[in-house]
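> Quick one: sequence and predicted model below, then my questions.
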Amino acid sequence: MMLAALSLSSTPVVAAAPAAGIVVGLLLAALALVLRWKEEEEEEEEEGSERAASSSTMSSSLEGLAVVDGGSDNVSLKEVSSGELAKHASPEDCWVALFGQVYDFTDFVNEHPAGPEAIIRSAGKDGTEEFEAIHSKSMLDDFDPIGILR
């Protein structure tokens with residue numbers, strides 16, 4: 001749209017030159033915004049891929065339980081049946097359900113101040129009642145659940 005002058009009669013009429021400049025300027029500004037938005041989107045996708053790759057290094061006993069939600073920091077928890085929970089009832093593979101959430105305490109069993117037996121008694125089952133008798137629920141803030149008991 002680069003009409004500098006238009007000859008409709010014997011007198012040339014300047015048409016569209018200023019308007020074309022404004023339109024071109026607006027189009028360039030819009031293009032710059034779109035390119036910046038696209039670049040930010042690609043950076044977010046790269047960060048999401050890096051997070052997803054790091055989450056794939058979870059131990060095999062946790063495989064399939066935690067799912068990264070769209071590269072964000074949110075983790076949605078999968079349901080764990082009582083049958084699945086019961087398969088993890090040893091000091092070497094110790095899952096405990098507390099307040100409806102499942103925790104993997106395998107790495108913590110031997111560090112528990114009252115000794116490993118206190119946790120192992122609840123391994124593979126719902127230990128909420130025993131936990132509540134001794135601890136406050138806020139003590140779980142140091143642990144991330146791996147699932148939800150169904």
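That came through fine.

> all helices for the protein, in order.
Assigned by DSSP state H, the chain shows helices spanning 17-55, 82-86, 116-120, 128-134.

> buried set for the third one?
It refers to helix 116-120. 116, 119, 120 (16 or more other C-beta atoms under 10 Å). Where you see a C-beta, it was placed from the backbone N, CA and C, and this is true even at glycine.

> any idea how far residue 88 is from residue 116?
Going from residue 116 to residue 88 by C-beta to C-beta, to the nearest Å gives 15 Å.

> How about residue 40?
From residue 40 across to residue 88, the span is 42 Å (C-beta to C-beta).

> Enumerate every residue touching residue 150.
Residues near residue 150 by C-beta atoms under 8 Å, 6 or more residues apart in numbering: 79, 80, 81, 82.

> Which of these fall within strands?
Secondary structure defined by DSSP state E assigns 79, 80 of these to strands.

> how about the contacts of residue 150 in JSON lines, adding distance to residue 111, neighbour count and pLDDT?
Listed next are the contacts of residue 150 as JSON lines, based on distance: C-beta to C-beta, whole Å; neighbours: other C-beta atoms under 10 Å; pLDDT from 0 to 100:
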{"residue": "79", "distance to residue 111": "28", "neighbour count": "11", "pLDDT": "96"}
{"residue": "80", "distance to residue 111": "23", "neighbour count": "21", "pLDDT": "97"}
{"residue": "81", "distance to residue 111": "28", "neighbour count": "11", "pLDDT": "97"}
{"residue": "82", "distance to residue 111": "26", "neighbour count": "12", "pLDDT": "96"}
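
> closest to residue 143 among the contacts of residue 150?
Distance to residue 143 across the contacts of residue 150 (C-beta to C-beta) is lowest for residue 80, with 15.2 Å.

> What about the nearest residue to that closest one once chain neighbours are set aside, how many residues nearby?
Nearest residue to residue 80, sequence neighbours excluded (C-beta to C-beta, 6 or more residues apart in numbering): residue 147, at 3.7 Å. Neighbour count of residue 147, defined by other C-beta atoms under 10 Å: 23.

> I'd guessed residue 147 sits against residue 79; true?
Yes - here residue 147 reaches residue 79: they are 6.6 Å apart, a contact under C-beta atoms under 8 Å.
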